[in-house]
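Asks: Could you work out the structure for the sequence below:
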Amino acid sequence: MQIAIDGPASAGKSTIAKLIAKNLDFVYCDTGAMYRAVTLLAKKNNVDYDDSSSILKLMSEHKIYFVNKPGGQHVMLDDEDISDTIRTEEITNNVSQVSAIKEVRTELVEMQRQLANDVDIVMDGRDIGTTVLPDADVKIFLIASVAVRAKRRYKENIERGINTPLDVLEDEIAARDYKDSHRKISPLKKADDAIEVDSSDMNIEQVVKRITEIINKNK
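Replies: Residues are numbered from 1 along each chain as shown. This is a model prediction of the structure:
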């Protein structure tokens, strides 16, 4: 069974998808983390974020993968755990540019499809229901207001020791929305057969319950 959860930045996709995958004993794939890993790879090697040929070369020379550790799934770049590093402000603000490179998306989408072929999976991102898994059994489009998403990001940042002002985060999230929804390759958009869930006034448990109910109806 394939569950696709799409939506804008900081809508809570990864948190919700992880919990649902754990509850259903499905495999979880954080596609956004894969694009963040490629963005970090460019940063580490002083490659411009729009230099497609250099980024593709780096991707061929390094391995991005997931491992399960106590506390959840971790993102690895070769032998380095980059789970926290890919959440820094610079990576967050530049991942849209890397994600817009057609060749990068082609490589990662193929990896994501191969992963989904033989297992029950919950996959979250921007274009899962429209591009990566267009035949997914359940498609969710998870949204929340910019103000709510900025507050969530602010709380996460404080926990990581990052002190970006709330109004700056609102501007950054709005800018990220624009970039993601206006890129030429696989823009962020709701699939025609996706069910929209607005998490603005819901806590995590309520969102998980709502989406689980939708999944159970489609089993």
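
Asks: Now do the end-to-end distance for stretch 157-165.
Replies: Taking CA to CA, to the nearest Å, stretch 157-165 runs 10 Å from one end to the other.

Asks: buried ones in that stretch?
Replies: residue 157 (16 or more other CB atoms under 10 Å). The C-beta positions use only the backbone N, C-alpha and C, and glycine is treated the same way.

Asks: same thing with stretch 49-65?
Replies: Using 16+ other CB under 10 Å as the test for burial, stretch 49-65 gives 49, 52, 55, 56, 58, 59, 64.

Asks: So what touches it?
Replies: For stretch 49-65, contacts defined as CB atoms under 8 Å, 6 or more residues apart in numbering pick out 34, 37-39, 41-42, 45, 47-48, 75-78, 94, 97-98, 101-104, 107.

Asks: Now do the end-to-end distance for that stretch.
Replies: For stretch 49-65, the separation between the terminal residues is 21 Å (CA to CA).

Asks: and if you look at stretch 196-213?
Replies: Stretch 196-213: ends 13 Å apart by CA to CA.

Asks: Now do it: everything it contacts.
Replies: 5, 11-12, 15-16, 19-20, 23-24, 140-145, 148, 190, 214.

Asks: how does it look with 6 Å?
Replies: By CB atoms under 6 Å, 6 or more residues apart in numbering, the residues outside stretch 196-213 that reach it are 12, 16, 19, 140, 141, 142, 143, 144, 145, 148.

Asks: quick one: which of those has the most company?
Replies: Among those, the one with the most neighbours (other CB atoms under 10 Å) is residue 140, at 30 neighbours.
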